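Trainee: Everything below, folded, please.
(chains A and B)
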Amino acid sequence: MTLTAQDAPVTSSELLSVVASRELVARRTVFAGIGLPTLATELAHLTVAPEIEVVYESGVCGAHPSHLPETIADAVLITGAEAVISMPTLFGCVLQGGHIDVGFLGAAQIDRWGNLNTSVIGDWDSPSVRLPGSGGGVEVMANAREVFVVMRRHTRRSFTDPLDFCTTPGPDRALAEGIRPLGTGVTRVITELGILAREGIGHELRLVAVQPGVTVEQVRAATGWDLQVAGTVTTIEPPTAEELRLLREDVDPERVYLR
Amino acid sequence: MDRTDRPDKVVTMKAAVADFVRDGDTVCLEGFTHLIPTAAGHEIIRQGRKDLTVVRMTADIVVDQMLAAGCVSRLVSSFVGNSSAGSLGNLRRRIESADPAPLAFEEYSHYGMICRYLAGSQRLPFYPLRSYGGSDLPSVNSDLRKVTSPYPGPDGEPEQIYVVPPVNPDVTIIHAQRADRSGNTQIWGLTGIQAEAVYAARKAVVVVEELVDDEVIRSDPNRTLVPAHAVHAVVVCPRGAHPSFAQGYYDRDNAFYRAWSRISQDPDLIRAWLEEWVFGTADHAEYVARLGEEFWAGLAVGEALSRPVDYGRRL
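Mentor: All right, here's what the predicted structure looks like:
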């Protein structure tokens, strides 16, 4: 091995994917999108979770792509895949049937309970920004055993309470309405500043780890509510030379997502 | 035992849109990233349809183009973005500033839309799903309703669950790899929600890359996702899914997805694009020809044949 972590500066994509991959230890089925979740799950497959199976929202299970996919529906995910299933089977049987251990989600806004907004910034009737909308996030949140959220930017605008609009509710909001979701909602939020964790129903997100060089006060200042902090906040181990080598040489050699 | 009297349903795209899409109709265009019926959307634009309700899980480029052309007054969808390449300029202007006209928009989640198709295809009054509890979506979409299950939950207690209403479009249009003349339609790769969307509709049009002999279809009946009895017209339109893709025929035009995010930010650029590529072409064959063979060579795919399946036959 010739490459070391010092050879090239660690990018934020690399940092986030390494941190997310470590959280996938012993997880089996992961519902993931393209980009950071792809990097994290592929790296986990090579390191802490050799039996991981990625399920894509397009219906692909067990992909063996010849090239790095550009979308969740990339033709290279289909050719050679173990299974390609219909939408009713994917959402009805796989997700709602309780087969997903971890779902990866992103959002424009997240609140202290891990509820997400992907619909509008501002008012519903005349929003300042119309976002893409719910997609399958509502179902991933309701049905995956756990949800990991990866946020590229940790700011008071994106970590906010209340949300402008709650598209994707966690189980606390669902239970308050008498609806029983399968999953425990968001358990990890991974950002450029650190890791927020949530122990399950009834719990708020808490800061449990910071990236090297980041202080607890910095994270609190970047969070739009009074952020709970764990008794012991650890400092995240920087990516190892081996993790970086796998990401750079095996997972994404053309640096499609390693921006 | 042989039956050769199956009806021939092959028509031109022009005739299919003229016959099956009327002003004010509810039109479903399905295809989850794969096999998007773009050419059909362009013909709807050419024929100047107005006041359509468009039903489509992932409203993307073709919907943005139909919005820009003034065809659509209501959209029913669960994802409104330019795939992973950015956002839809027309759609955002319509919703954010009613520019140039407001757009009625009904938002569902993906499974909410799927359940609407399932209810519609089965002529059921509603379909239940374990979503929406605690979401703000029901407060802005009164068709998302909560009921008490008529059966006790696993713990013996009453259970609340959200339901969605059926969707029964006037017409569903899908794109597929191949069909025979009577409409037995084969799809492989991502199969999405197309079959359910066809069954939910009053009329269905299937647009295909290739028309094949009955024997080709009958050599692999499991690959027929939409049987002829559900299909009212078959349109042959090679490369009609561009810029999306047809597994085994041509690849996705990722560069155009990225380009659209820029084009759609500027109403003048969109108008020019529509003038050149939709109003400026008589039909999709002309659009294909204008892109040129060199362009299509760039989206060509290599061969990856499935292994033969032995259905057996009685000796």
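Trainee: ok, residue B:206 touching residue B:185?
Mentor: Yes: counting by Cβ atoms under 8 Å, residue B:185 is a contact partner of residue B:206 at 4.9 Å. Glycine gets a C-beta too; all of them are placed from N, C-alpha and C.
Trainee: Report the set of residues contacting both of these two.
Mentor: Common neighbours of residue B:206 and residue B:185 (criterion: Cβ atoms under 8 Å, 6 or more residues apart in numbering or on different chains): B:174, B:176, B:179, B:226, B:231, B:234.
Trainee: Of the residues you listed, which belong to strands?
Mentor: If you go by DSSP state E, the shared contacts of residue B:206 and residue B:185 have B:174, B:176, B:179, B:226, B:234 in strands.
Trainee: Same list (those) but as a markdown table, adding neighbour count and distance to residue B:9.
Mentor: Shown next, in a markdown table, are those (neighbours: other Cβ atoms under 10 Å in any protein chain shown; distance: Cβ to Cβ, whole Å):
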| residue | neighbour count | distance to residue B:9 |
| --- | --- | --- |
| B:174 | 29 | 14 |
| B:176 | 27 | 14 |
| B:179 | 29 | 9 |
| B:226 | 24 | 12 |
| B:234 | 24 | 5 |
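Trainee: Residue 230: neighbouring residues, count only.
Mentor: This is for chain A. The tally of other residues near residue A:230 (other Cβ atoms under 10 Å in any protein chain shown) stands at 14.
Trainee: think we crossed wires, I meant chain B
Mentor: 20.
Trainee: Look up how far residue B:211 lies from it.
Mentor: To residue B:211, residue B:230 is 18 Å away according to Cβ to Cβ, to the nearest Å.
Trainee: And for residue B:189?
Mentor: 19 Å.
Trainee: Please apply the same query to residue A:50.
Mentor: Applying Cβ to Cβ, the value for residue A:50 to residue B:211 is 46 Å.
Trainee: Equivalent analysis for residue A:206, please.
Mentor: 61 Å.
Trainee: quick revisit: in JSON lines, list the ones in strands among the shared contacts of residue B:206 and residue B:185 along with distance to residue A:15.
Mentor: Output for those, formatted as JSON lines (distance: Cβ to Cβ, whole Å):
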{"residue": "B:174", "distance to residue A:15": "43"}
{"residue": "B:176", "distance to residue A:15": "43"}
{"residue": "B:179", "distance to residue A:15": "50"}
{"residue": "B:226", "distance to residue A:15": "47"}
{"residue": "B:234", "distance to residue A:15": "52"}
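Trainee: more crowded one of residue B:189 and residue B:211?
Mentor: Set residue B:189 next to residue B:211 and count neighbours by other Cβ under 10 Å: residue B:189 wins out with 23 against 14.
Trainee: which one is that one nearest to, not counting chain neighbours?
Mentor: Take residue B:189 and drop its neighbours on the chain: the residue closest to it by Cβ to Cβ, 6 or more residues apart in numbering or on different chains is residue B:247, 3.0 Å away.
Trainee: same deal with residue B:20?
Mentor: Per Cβ to Cβ, 6+ apart, closest to residue B:20 is residue B:171, 4.7 Å.
Trainee: if I read this right, that neighbour contacts residue B:21, doesn't it?
Mentor: Yes: taking contacts as Cβ under 8 Å, residue B:171 lies within contact range of residue B:21: 5.9 Å.
Trainee: okay, residue A:256: pLDDT?
Mentor: Predicted confidence (pLDDT) for residue A:256: 79.
Trainee: which residues does the closest residue to residue A:123 other than its chain neighbours contact?
Mentor: Spatially, and ignoring its direct neighbours in sequence, residue A:123 is nearest to residue A:164 (7.9 Å; Cβ to Cβ, 6+ apart). Contact analysis of residue A:164 by Cβ under 8 Å, 6+ apart lists A:109, A:117, A:120-123.
Trainee: Could you pick out the buried ones from these?
Mentor: A:109, A:117, A:120-121 (16 or more other Cβ atoms under 10 Å in any protein chain shown).
Trainee: mind checking the SS state of residue A:164?
Mentor: When classified by DSSP: H, G, I helix; E, B strand; the rest coil, residue A:164 comes out as coil.
Trainee: Residue A:258 versus residue B:21, what's the distance?
Mentor: 45 Å.
Trainee: Looking at these two, which is more packed in?
Mentor: residue B:21 (21 against 18).
Trainee: Test my guess that the more buried one contacts residue B:28.
Mentor: No: under the criterion of Cβ under 8 Å, residue B:21 is not in contact with residue B:28, lying 10.9 Å apart.
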